[in-house]
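A.B. asks: have a look; sequence and predicted model below, questions after that.
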Amino acid sequence: MKLSLYVGETRDLERSLAAIVDAERRGLHGVWLPGGLALDTLTVLALAAARTEWIRLGAGIAYAWPRHPLVLAQQALTLAAASGGRFELGISTGHRRMMEQTFGLPWEAPVERMLEYGQILRDLLREGQTSRRGRHYQVEATLWLAERTPVPIVVGTLGQEMCRAAGRFADAIMTWLAPASYLASIVLPAARQGAEGAGRPVPRIVAALPAALASERAAVLDGLNAAFGGMARAPSYLGMLERAGLARPADEHGWTEEMLDAVVTWGDEDSLDTRLRELAEAGADEVVLWPFSVGDDPSASLAATLDAMQELAAR
């Protein structure tokens, strides 16, 4: 199993790039940058390619609907060439509220639409051309490139039907906040079913989770809610955790201790190692940890978690 870093800093360019360079220095397998309304993920990774040598560079995740698959394919192939083949393209539907309210885009048949989108994207990345006419996309195009550097497609999802659709075209599936039990019982079986139906390999599983090297439960829960408490109101995450068997993943204060114990990678270094092993046994091929600060010294807390990740990656 490979260990990578989720770079949460996407507001300041130099700090983002410094975090990526530091991750390579620490020997981590890769870095992933989230999508959002800050710096453009693909542009940051393109700049990071020039400052690094071997670390994998992942977009985790670029929102599909605001980007036409032809345009995204051009961006991805350019970034892959610039990085010497180190780039992985993560795509997702995003959240319904964001698509409808922020982007003003319709939320219609997301699984069907993603399947069309992904197949077009795969054609362009693998063959350099596509000719598909579906319900949502009608694309006939050829990309005139001297060569095409391979670009793995990663689908960010939690739903069973989307995992099944991703199995039909994606190289990997990326989850966020999913417990090990959910990977084993929902994500991997659905991905396998989709892949077998399409006659292709089962996608790799990339599991992304919050992490903190800290052992005081109350302080860790406070830090978790300070960093990710807003997500406790997202229906997609709450629904997934309830399907995973959590009775009360969140309350009026944010995430609960039940969610903390089921999902978050926290504790001493041995506790972190145990959680990583649980995820690997559940089917995760790569774990991506997003460090959050705990206590009164945020910088020291984050540095301690990164030091622990460095040690774990070296094992």
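C.D. replies: Received it, and whenever you're ready, just let me know what you need.

A.B. asks: helices of the stretch 51-200 of the chain, start to end?
C.D. replies: 69-82, 96-97, 110-127, 160-166, 180-182, 188-198 (DSSP state H, counting those that start in this stretch).

A.B. asks: nearest residue to the residue nearest the centre of the chain in space, please, no chain neighbours.
C.D. replies: Nearest to the geometric centre of the chain sits residue 60, at 3.9 Å (Cα atoms, centre = their mean). Closest residue to residue 60 apart from its sequence neighbours, by Cβ to Cβ, 6 or more residues apart in numbering: residue 32 at 3.6 Å. Quick note: C-beta positions are derived from backbone N, CA and C, even for glycine.

A.B. asks: who are the contact partners of the residue nearest to the centre of the chain?
C.D. replies: 6, 32, 33, 34, 35, 90, 154, 156, 174, 206, 208, 288 (Cβ atoms under 8 Å, 6 or more residues apart in numbering).

A.B. asks: of all those, which comes closest to residue 298?
C.D. replies: residue 6 (16.5 Å; Cβ to Cβ).

A.B. asks: can you tell which of the helices of the stretch 51-200 of the chain is closest to residue 304?
C.D. replies: Nearest of the helices of the stretch 51-200 of the chain (Cβ to Cβ): helix 180-182, 23.9 Å.

A.B. asks: could I get the buried residue list for that closest one?
C.D. replies: 180, 182 (16 or more other Cβ atoms under 10 Å).

A.B. asks: list the helices and strands the helix or strand harbouring residue 18 packs on?
C.D. replies: Assigned by DSSP states H and E, residue 18 falls within helix 13-25. Applying 3 or more Cβ pairs under 8 Å, 6 or more residues apart in numbering; DSSP states H and E, one finds that helix 13-25 contacts strand 2-6, strand 30-33, helix 41-49.

A.B. asks: do that again at 6 Å, thanks
C.D. replies: Applying 3 or more Cβ pairs under 6 Å, 6 or more residues apart in numbering; DSSP states H and E, one finds that helix 13-25 makes contact with helix 41-49.

A.B. asks: could you check the angle the helix it packs on makes with helix 69-82?
C.D. replies: Computed by axes from the mean of the first three to the mean of the last three Cα atoms, to 10 degrees, the angle separating helix 41-49 from helix 69-82 equals 10 degrees.

A.B. asks: what does helix 41-49 contact?
C.D. replies: Residues external to helix 41-49 that are found in contact with it (Cβ atoms under 6 Å, 6 or more residues apart in numbering): 16, 17, 20, 33, 35, 57, 59, 62, 75, 79, 82, 83.

A.B. asks: could you work out the end-to-end span of stretch 187-206 for me?
C.D. replies: 11 Å (Cα to Cα, to the nearest Å).

A.B. asks: pull out the buried positions in it.
C.D. replies: Here stretch 187-206 shows 187-195, 202-206 as buried, counting by 16+ other Cβ under 10 Å.

A.B. asks: ok, which pair from those residues is furthest apart?
C.D. replies: Farthest apart among the buried residues of stretch 187-206 - using Cβ to Cβ - are 193 and 206, which lie 18.7 Å from each other.

A.B. asks: the stretch 201-315 of the chain: strands as residue ranges?
C.D. replies: 204-213, 250-251, 254-255, 265-267, 286-291 (DSSP state E, counting those that start in this stretch).

A.B. asks: buried ones in stretch 46-59?
C.D. replies: 46, 47, 48, 49, 52, 55, 56, 57, 58, 59.

A.B. asks: now render the buried residues of stretch 187-206 as a markdown table, adding distance to residue 296 and pLDDT.
C.D. replies: Converted to a markdown table, these look like this (distance: Cβ to Cβ, whole Å; pLDDT from 0 to 100):
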| residue | distance to residue 296 | pLDDT |
| --- | --- | --- |
| 187 | 37 | 98 |
| 188 | 40 | 98 |
| 189 | 44 | 98 |
| 190 | 43 | 98 |
| 191 | 42 | 98 |
| 192 | 46 | 98 |
| 193 | 48 | 98 |
| 194 | 47 | 98 |
| 195 | 48 | 98 |
| 202 | 45 | 98 |
| 203 | 42 | 98 |
| 204 | 39 | 98 |
| 205 | 36 | 98 |
| 206 | 33 | 98 |
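
A.B. asks: dump those residues to CSV, plus distance to residue 138.
C.D. replies: Shown next, in CSV, are the buried residues of stretch 187-206 (distance: Cβ to Cβ, whole Å):
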residue, distance to residue 138
187, 31
188, 33
189, 33
190, 28
191, 28
192, 31
193, 28
194, 24
195, 26
202, 30
203, 26
204, 31
205, 32
206, 31
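
A.B. asks: mean pLDDT for the helices of the stretch 51-200 of the chain: which is lowest?
C.D. replies: Among the helices of the stretch 51-200 of the chain, helix 96-97 carries the lowest mean pLDDT, a mean of 90.

A.B. asks: am I right that residue 136 is in contact with residue 114?
C.D. replies: No - using Cβ atoms under 6 Å as the test, residue 136 is too far from residue 114 to be in contact (9.2 Å).
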